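A.B. asks: compute the structure for the input listed below.
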Amino acid sequence: MGDEELHPEGAGDMHESAEGRNGALRQDISNEIVRLYKDHFGKGPTRCRTYLQPELVIVVLGEGYTAAEQTLFEGGRWYEVRQARQIWQDTMKERFVETIERLTGRTVMAFMSANHQDPDLAVEMFVLDPERTT
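C.D. replies: Below you'll find the model as predicted:
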């Protein structure tokens, strides 16, 4: 998955760079999480940035709502869209966790998700076990 596919012109400050400390790992995590969204949700976000801390991986995704979800938002059905998204993210837990464990070589102790409508954002957060590895 090329960088241009994830970050079209105007992607702004959520452009993931492979430069700097852990840059390649951040890029790999971003690419894999976006791929999972595309493969299992039918549409991937157009922006993604991964943040790494010693025991924390946070993936912030932008512009991922579908046209149908946007229509529901306009019709005042924001609660139903957020609920459906949360159910989907919970269902994806095993796939998300396996991906993070494979890429980091660390065990995920906890996984949490959140969504926001305006701006269009989703967050996938992984707490890593400091002692154990996969």
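
A.B. asks: tell me where this structure has helices.
C.D. replies: For the chain, the helices defined by DSSP state H cover 3-6, 23-41, 67-74, 78-91, 93-104.

A.B. asks: could you identify which of those helices is most buried?
C.D. replies: helix 23-41 (a mean of 18; mean count of other CB atoms under 10 Å). No exception for glycine: its C-beta is placed from N, CA and C like everyone else's.

A.B. asks: now for that one, which elements pack on it?
C.D. replies: helix 3-6, strand 47-53, strand 56-62, helix 93-104 (3 or more CB pairs under 8 Å, 6 or more residues apart in numbering; DSSP states H and E).

A.B. asks: could I get the pLDDT score of the residue of the chain most remote from its centre?
C.D. replies: Within the chain, the residue lying farthest from the chain centre (CA atoms, centre = their mean) is residue 75, at 26.0 Å. pLDDT for residue 75: 97.

A.B. asks: in this structure residue 61 contacts residue 121, no?
C.D. replies: Yes: Residue 61 lies in contact with residue 121 (CB atoms under 8 Å); the separation is 6.9 Å.

A.B. asks: and these two? Which one has more around it.
C.D. replies: More crowded of residue 61 and residue 121, by other CB atoms under 10 Å: residue 61, with 24 against 18.

A.B. asks: for that one, which non-adjacent residue is spatially closest?
C.D. replies: Leaving aside its sequence neighbours, residue 61 sits nearest to residue 45 (CB to CB, 6 or more residues apart in numbering; 3.8 Å).

A.B. asks: now do the contacts for the one you found.
C.D. replies: When contacts are counted by CB atoms under 8 Å, 6 or more residues apart in numbering, residue 45 touches 34, 37, 61-64, 122.
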